[in-house]
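In: please find the sequence and the predicted model below.
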2 protein chains.
Amino acid sequence: MPDRVPSPLRLHMSLARDLGIAILSGHHLPGDNLGGEVERSGTLGVSRTAYREAIRILVAKGLVESKPKAGTHVTPRKRWNLLDADVLDWMFSGTPGEQFIHDLFELRGVIEPAAAAFAAERHTTGHLETMDQALAGMREFGLSNAEGQKADQNFHTAILDAAGNEALASLASSIGAAVRWTTRFKLNHSPLPRDPLIEHEALRDAIATRDPAFASATMRELLTLALNDMAIVLG
Amino acid sequence: MPDRVPSPLRLHMSLARDLGIAILSGHHLPGDNLGGEVERSGTLGVSRTAYREAIRILVAKGLVESKPKAGTHVTPRKRWNLLDADVLDWMFSGTPGEQFIHDLFELRGVIEPAAAAFAAERHTTGHLETMDQALAGMREFGLSNAEGQKADQNFHTAILDAAGNEALASLASSIGAAVRWTTRFKLNHSPLPRDPLIEHEALRDAIATRDPAFASATMRELLTLALNDMAIVLG
DNA sequence: GGTAATTGACTTGTCTGACAAATGATGCTG
DNA sequence: CAGCATCATTTGTCAGACAAGTCAATTACC
């Protein structure tokens, strides 16, 4: 299977991405008017149709709202779906604010230990297998390349999955973004990043023993270490 | 200010809503093909433009995906943004599955105690005022009408807000949906629902004392009682 | 003179019809 | 039988028009 390169983004998605990034990066502030559809689509050199579809996407993600005569305005930050997969992607395409990184990790600290506890109670052999495959991937490729990073992400997703809670599982993409950011950030700032494989294996075993409190504590440990690594680099 | 009635949904949003509900209610299963754009927009009696904008919204929320020649397919459930405000609205416009309700409350059980702890540490007087206003609303109107239910929701949102974490705050709409459902459900099934005002006031005071552990425990208590109420009604 | 209803102009919303681009399926070729 | 070229179908994009909505100025009326 020749690694299907993801088909280039459609125009409307590409537009939504560009506008989304412009908003998330602070280039357009909440309350700002993006200008009329005809005017804006004109300067962008695209049809009003494509531009409107892009706006519909942004509206769906809570970044803007548009009313007749009033135009398209950036919504207050509180209304943004910050945990949406695309929004996080757009956020991390640049350099997100330090505060937001902190918040996202704090969310991890809330979600993942709880998920680990549930996973300890409810996991099936299938979930363990997925986790083991992910660990094997991390072991084989290391975290310095895309394959290994994907494996890391798969490991954390598998735990959310094993927790047997759809609402929690919906946060997998958000957590995944944080996971990706961690490795990317550490690789950029630290020449020899500590290999977190041991803690991951310990976590897997903790879940396998079906001891919720133990699994939760082990997850907390893993997150603490990950956070320490970043704190050290940040100074 | 004469209570602006929310302008009727635009056609594309209305279409997205209808299709979204059809998907969430299981009328269209994951993998199902929604049919071609021309065909479908024809039977719905709308233009392809409006139909396409509706599809863009559903794509943005992860419910469907469309590729040339392949058509528009419902995505696997795992890809759905179940915590999106609109998706939850659509979900609760019908009768959501019992398992999902359970999952959502379990998520509340993870998020809200943690948020209460953070709120105890970080809240400002402004947050306390908002909470007090919400409590006043609950006291004045009761939970049997829209005003009071809104106040209840505002109270919980204020706590997520006071936690000083944007990522957590993004879950406000999801939590809010669960809160709305609780009261609606209890009112429908129990003639004299227990008034949860006392616990809310206790929670407010717990947060005001700036004792994270205490605030967290009080929140857990409130949630336990709410869950018990529902369990009793469910039998 | 001030307030409320009316009109007007501008912007988003919707429709129509056409062409471009992508892709799954078909059938050909080695 | 595998791989490749072709084709037909469907989504993607474009252009232009009209409908519906909303804000603002203007007018009418008290």
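Out: Thanks, I have the structure now. Values in this document were obtained by computation on a predicted structure and should not be read as measured data.
In: going forward, measure contacts between C-alpha atoms and count neighbours the same way
Out: Will do.
In: does the helix or strand of chain A with the lowest mean pLDDT come close to chain B?
Out: Ranked by mean pLDDT, DSSP states H and E, the weakest helix or strand in chain A is helix A:172-189, scoring a mean of 87. No. Judged by CA under 8 Å from any CA of the partner chain, helix A:172-189 stays clear of chain B, getting no closer than 9.1 Å.
In: and that helix, what does it pack against?
Out: The contact analysis (3 or more CA pairs under 8 Å, 6 or more residues apart in numbering or on different chains; DSSP states H and E) places helix A:172-189 against helix A:85-93, helix A:98-122, helix A:146-162, helix A:212-234.
In: closest to DNA strand D out of those?
Out: Nearest to DNA strand D among the helices and strands packed on helix A:172-189 is helix A:85-93; the distance by CA to the nearest atom of the strand comes to 16.4 Å.
In: contacting residues around that closest one?
Out: Identification of contacts with helix A:85-93 by CA atoms under 8 Å, 6 or more residues apart in numbering or on different chains yields A:R17, A:G20, A:I21, A:L24, A:S25, A:K61, A:N81, A:L82, A:S173, A:S174, A:A177, A:W181.
In: include distance to B:L107, mean neighbour count and mean pLDDT when you put the helices and strands packed on helix A:172-189 into JSON lines, please.
Out: Listed next are those as JSON lines, based on distance: least, CA to CA, whole Å; neighbours: other CA atoms under 10 Å in any protein chain shown; pLDDT from 0 to 100:
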{"stretch": "helix A:85-93", "distance to B:L107": "19", "mean neighbour count": "19", "mean pLDDT": "96"}
{"stretch": "helix A:98-122", "distance to B:L107": "9", "mean neighbour count": "21", "mean pLDDT": "96"}
{"stretch": "helix A:146-162", "distance to B:L107": "12", "mean neighbour count": "23", "mean pLDDT": "95"}
{"stretch": "helix A:212-234", "distance to B:L107": "16", "mean neighbour count": "17", "mean pLDDT": "89"}
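In: as TSV, those helices with distance to A:L128 would be great.
Out: Formatted as TSV, the helices and strands packed on helix A:172-189 follow (distance: least, CA to CA, whole Å):
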stretch	distance to A:L128
helix A:85-93	25
helix A:98-122	10
helix A:146-162	8
helix A:212-234	14
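In: a markdown table for these, including distance to DNA strand D?
Out: Output for these, formatted as a markdown table (distance: least, CA to the nearest atom of the strand, whole Å):
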| stretch | distance to DNA strand D |
| --- | --- |
| helix A:85-93 | 16 |
| helix A:98-122 | 31 |
| helix A:146-162 | 26 |
| helix A:212-234 | 39 |
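In: quick one: which of the ones you listed is nearest A:P193?
Out: Across the helices and strands packed on helix A:172-189, A:P193 has its closest neighbour in helix A:212-234 (8.2 Å, CA to CA).
In: tell me the angle the closest one makes with helix A:98-122.
Out: Put simply, helix A:212-234 runs at 160 degrees to helix A:98-122, going by axes from the mean of the first three to the mean of the last three CA atoms, to 10 degrees.
In: so which elements touch helix A:212-234?
Out: Helix A:212-234 sits against helix A:98-122, helix A:172-189, helix A:197-208, with contacts defined as 3+ CA pairs under 8 Å, 6+ apart.
In: what residues does chain A put near chain B?
Out: A:49, A:53, A:56-57, A:60-61, A:78-84, A:100, A:103-104, A:107, A:110-111, A:114, A:165-170.
In: could I have the buried ones of the residues you listed as PyMOL selection syntax?
Out: Buried residues within the residues of chain A next to chain B, by 16 or more other CA atoms under 10 Å in any protein chain shown, are selected in PyMOL with:
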select buried, chain A and resi 49+53+56+57+60+61+78+79+80+81+82+83+84+103+104+107+110+111+114+165+166+167+168+169+170
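In: for A:I101, which non-adjacent residue is closest in space?
Out: Beyond its immediate neighbours in the sequence, the residue positioned closest to A:I101 (CA to CA, 6 or more residues apart in numbering or on different chains) is A:A178, lying 7.8 Å away.
In: contacts only, for whatever residue of chain A ends up closest to DNA strand D.
Out: Across chain A, the shortest distance to DNA strand D (CA to the nearest atom of the strand) belongs to A:L11, at 2.9 Å. Contact partners of A:L11, counting by CA under 8 Å, 6+ apart, are A:A50.
In: hmm, back to that, would you check which pair of the contacts of helix A:85-93 lies furthest apart?
Out: Farthest pair in these (CA to CA) is A:K61 and A:W181. Separation: 21.4 Å.
In: is the residue of chain A most remote from its centre in a helix, a strand, or coil?
Out: The outermost residue of chain A, judged against the average C-alpha position, is A:K69 (35.8 Å), by CA atoms, centre = their mean. A:K69 falls in the coil class when you classify it by DSSP: H, G, I helix; E, B strand; the rest coil.
In: how close does it get to A:N33?
Out: Taking CA to CA, to the nearest Å as the measure, A:K69 falls 12 Å from A:N33.
In: check A:T157 too.
Out: From A:T157 to A:N33 the distance is 38 Å (CA to CA).
In: against A:E98, how distant is A:G62?
Out: In terms of CA to CA, A:G62 sits 22 Å off from A:E98.
In: measure the spatially most central residue of chain A to B:H102 for me?
Out: Centroid-nearest residue in chain A: A:A177, 2.1 Å away (criterion: CA atoms, centre = their mean). For A:A177, the distance to B:H102 equals 26 Å [CA to CA].
In: would you mind confirming that A:L222 makes contact with A:H200?
Out: Yes. Judged on CA atoms under 8 Å, A:L222 makes contact with A:H200 at a distance of 7.3 Å.
In: measure the closest residue to A:P76 other than its chain neighbours to A:L104 for me?
Out: Excluding its sequence neighbours, the residue lying closest to A:P76 (CA to CA, 6+ apart) is A:P30, at 5.0 Å. The gap separating A:P30 from A:L104 is 21 Å, by CA to CA.
In: again with A:T43
Out: Plainly put, A:T43 is 36 Å away from A:L104 if you go by CA to CA.
In: can you report how many residues lie near A:N33?
Out: 17 (other CA atoms under 10 Å in any protein chain shown).
In: contacting residues for it?
Out: Shown in contact with A:N33 (CA under 8 Å, 6+ apart): A:G71, A:T72, A:H73, A:V74.
In: tell me who's in contact with the last one.
Out: Meaning A:V74. Counting by CA under 8 Å, 6+ apart, A:V74 touches A:I23, A:H28, A:L29, A:P30, A:G31, A:D32, A:N33, A:L34, A:L63, A:V64, A:E65.
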